[in-house]
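Colleague: need coordinates for the below:
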Amino acid sequence: MATLAQHRAGEFLGGIVYLLTIDMSHITNNPLHIRRYTNSYGVDGSGYLFQGIRYKPYPYELKQIKRSSKPNKSGSKLLIGDNEDFAFSRFIDQVGGDIQGARVLELKVYGDFLDTGVTPNTLAYSKRMDHIIDYVEDSDKTYGEKILHTQDPLSRDIQVPKLSFSSGIPNSTVSLINVFPATDRIITKDR
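Modeller: Predicted coordinates for the structure are as follows:
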């Protein structure tokens with residue numbers, strides 16, 4: 001019989017890895033306008049490979065994931081490094097100077113399930129965040145840092161079309177609502 005320590009050692013799945021995707025391709029119609037990052041270096045310093053896609057090491061931090069039932073209140077702040085090379089600012093310039101509307105997706109994956117892990121599994125992930133960028137600002141506190149304010153697309157104030165119709169003559173026994181659209185019927189009710 002296995003001891004508790006042996007059992008827990010078998011549960012170790014290589015640690016948690018966070019993978020970030022910033023996707024502008026649906027707006028610019030250019031498949032090159034996608035950036036994929038991880039906030040750690042990986043084993044060899046080149047990042048991680050998951051689902052055949054390389055995630056490069058790049059400093060970022062996800063803060064303040066808010067969930068609310070009120071419209072326009074669910075969102076998060078994503079702090080992303082824009083260091084000496086200004087790689088992220090160059091990406092913003094490359095896509096037209098604005099990344100509003102870009103999709104931001106962060107996946108949480110156990111290290112063993114990465115493509116180079118012990119047991120690779122492309123379906124073994126969970127979404128930590130799947131938002132749309134609302135606006136971007138420079139950080140006041142840290143030089144070389146951008147703050148991406150995001151919104152959960154499911155929490156936006158959705159304008160639902162309203163149906164309005166007349167039910168015929170008020171206080172009448174005849175209704176002009178066609179319940180059976182394939183036929184033309186007048187429905188009467190007894191009072």
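Colleague: next structured bit after the helix or strand hosting Asp134?
Modeller: Secondary structure assigned from DSSP states H and E places Asp134 in strand 126-138. Toward the C-terminus, strand 126-138 is succeeded by strand 145-151 as the next helix or strand (DSSP H and E).
Colleague: who does that next one touch, helix- and strand-wise?
Modeller: Judged by 3 or more Cβ pairs under 8 Å, 6 or more residues apart in numbering; DSSP states H and E, strand 145-151 is in contact with strand 75-81, strand 126-138. Heads up, the C-betas are built off the backbone N, CA and C, glycines and all.
Colleague: now, of those, which is deepest in the fold?
Modeller: Comparing the helices and strands packed on strand 145-151 by mean neighbour count (mean count of other Cβ atoms under 10 Å), strand 75-81 ranks first with a mean of 20.
Colleague: so what does it touch, helix or strand wise?
Modeller: strand 60-66, strand 126-138, strand 145-151.
Colleague: among those, which comes closest to Gly111?
Modeller: Proximity to Gly111 (Cβ to Cβ) singles out strand 126-138 among the helices and strands packed on strand 75-81, at 14.2 Å.
Colleague: what's the angle between that closest one and strand 145-151?
Modeller: 120 degrees (axes from the mean of the first three to the mean of the last three Cα atoms, to 10 degrees).
Colleague: burial count for the residue lying closest to Tyr41 once chain neighbours are set aside?
Modeller: Closest residue to Tyr41 apart from its sequence neighbours, by Cβ to Cβ, 6 or more residues apart in numbering: Pro57 at 4.7 Å. The burial count assigned to Pro57 is 14, neighbours taken as other Cβ atoms under 10 Å.
Colleague: circling back: could the helices and strands packed on strand 75-81 go into TSV alongside mean pLDDT and distance to His26?
Modeller: What follows is the helices and strands packed on strand 75-81, written out as TSV (pLDDT from 0 to 100; distance: least, Cβ to Cβ, whole Å):
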stretch	mean pLDDT	distance to His26
strand 60-66	76	21
strand 126-138	89	10
strand 145-151	88	16
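Colleague: make TSV out of those strands and add distance to Ile27.
Modeller: Output for the helices and strands packed on strand 75-81, formatted as TSV (distance: least, Cβ to Cβ, whole Å):
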stretch	distance to Ile27
strand 60-66	21
strand 126-138	10
strand 145-151	15
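Colleague: so which of these gets nearest Phe88?
Modeller: Per Cβ to Cβ, nearest to Phe88 of the helices and strands packed on strand 75-81: strand 145-151, 5.9 Å.
Colleague: partner strands of that closest one, with direction?
Modeller: Strand pairing for strand 145-151, determined by DSSP bridges: strand 75-81 (antiparallel), strand 126-138 (antiparallel).
Colleague: return the last one as CSV; C-alpha atoms alone will do.
Modeller: Looking back up the chat, that one is strand 126-138. Taking C-alpha atoms only, strand 126-138 is exported to CSV below (Å, rounded to 0.1, in the frame of the first residue of the first chain):
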residue,chain,number,x,y,z
SER,A,126,-8.6,25.8,-18.3
LYS,A,127,-9.3,29.3,-19.3
ARG,A,128,-8.4,31.8,-16.6
MET,A,129,-9.5,34.8,-18.6
ASP,A,130,-11.1,35.3,-22.0
HIS,A,131,-11.7,39.1,-22.4
ILE,A,132,-11.7,41.9,-24.9
ILE,A,133,-9.3,44.9,-24.5
ASP,A,134,-11.3,48.0,-23.6
TYR,A,135,-8.4,50.5,-23.5
VAL,A,136,-4.6,50.7,-22.9
GLU,A,137,-2.7,53.2,-20.7
ASP,A,138,0.9,53.7,-19.7
